[in-house]
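Enquirer: No sequence on hand, only this structure:
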């Protein structure tokens, strides 16, 4: 059993670890649907429901290709969809998961070092960071974008954090939600725990 409190440094995954990614994706789908309604006179609600339901059932792979087929759109809409996906602005910001908000505050009060290492398109991931309400804690967290280094499950991002901040592997805990996070931690020689198991209560 891992003692969550013994570490000096904590590396968090972002999507579905610190916040629920659908809180970013659904507004992005809404923005895409509104733009397609304006440009192509497609029903906003119908397109939004298609994107949301298809994502919920089948995931993100080829999502926009499926949209093109379903509504006989021109392939050129891919650029529009990606632009909206990567730059959407969320009204009111996205909240951290309650448990994670509490844990981060506790770790910072204990003078722990905190890092975020996230996979994905760099522009999109940086936009997500800006759309999240960090409750004044953002300036105390160092953010790393794995696609600038090498995406997880490669350990390269973790190893860069270790090198940049002169950390010892045995003093680090990686918190994630996916197998790629666990593998990255394993291959870099640091301990790992799933976010749902990480709390101080």
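Expert: Thanks, I have the structure now. Small disclaimer: the values here were computed from a predicted structure and weren't measured. Numbering: from 1, shown residues only.
Enquirer: Count the residues that sit near residue 163.
Expert: 9 (other CB atoms under 10 Å). Yep, even glycine has a C-beta here, placed from its N, CA and C like the rest.
Enquirer: right, I mislabeled it, should have said residue 199
Expert: Around residue 199 there are 13 residues (other CB under 10 Å).
Enquirer: Give me the local confidence score for it.
Expert: For residue 199, the pLDDT comes out at 74.
Enquirer: The closest residue to it other than its chain neighbours: which element?
Expert: If the residues on either side of it in the chain are set aside, residue 199 comes closest to residue 99, at 5.0 Å by CB to CB, 6 or more residues apart in numbering. For residue 99, the host element (DSSP states H and E) is helix 98-109.
Enquirer: Distance of residue 137 relative to residue 107?
Expert: 9 Å (CB to CB, to the nearest Å).
Enquirer: Looking at these two, which one has more neighbours?
Expert: For the pair residue 137 and residue 107, the greater number of neighbours falls to residue 107 (22 against 15), based on other CB under 10 Å.
Enquirer: surely the more buried one meets residue 100?
Expert: No - between residue 107 and residue 100 there is no contact under CB atoms under 8 Å: 10.2 Å.
Enquirer: give me the number of residues near residue 113?
Expert: 19.
Enquirer: swap in residue 141?
Expert: 18.
Enquirer: OK, contacts around it?
Expert: 104, 114-116, 134 (CB atoms under 8 Å, 6 or more residues apart in numbering).
Enquirer: go with 10 Å
Expert: 10, 12, 18, 104, 107-108, 113-116, 129, 134 (CB atoms under 10 Å, 6 or more residues apart in numbering).
Enquirer: and those, which are buried?
Expert: 10, 12, 18, 104, 107, 113-116, 129, 134 (16 or more other CB atoms under 10 Å).
Enquirer: In helices, which of the residues you listed fall?
Expert: Using DSSP state H, the subset of those located in helices is 104, 107, 129.
Enquirer: what do residue 107 and residue 100 both touch?
Expert: residue 12.
Enquirer: If we only consider the contacts of residue 141, which is nearest to residue 42?
Expert: Nearest to residue 42 out of the contacts of residue 141 is residue 129 (CB to CB; 31.3 Å).
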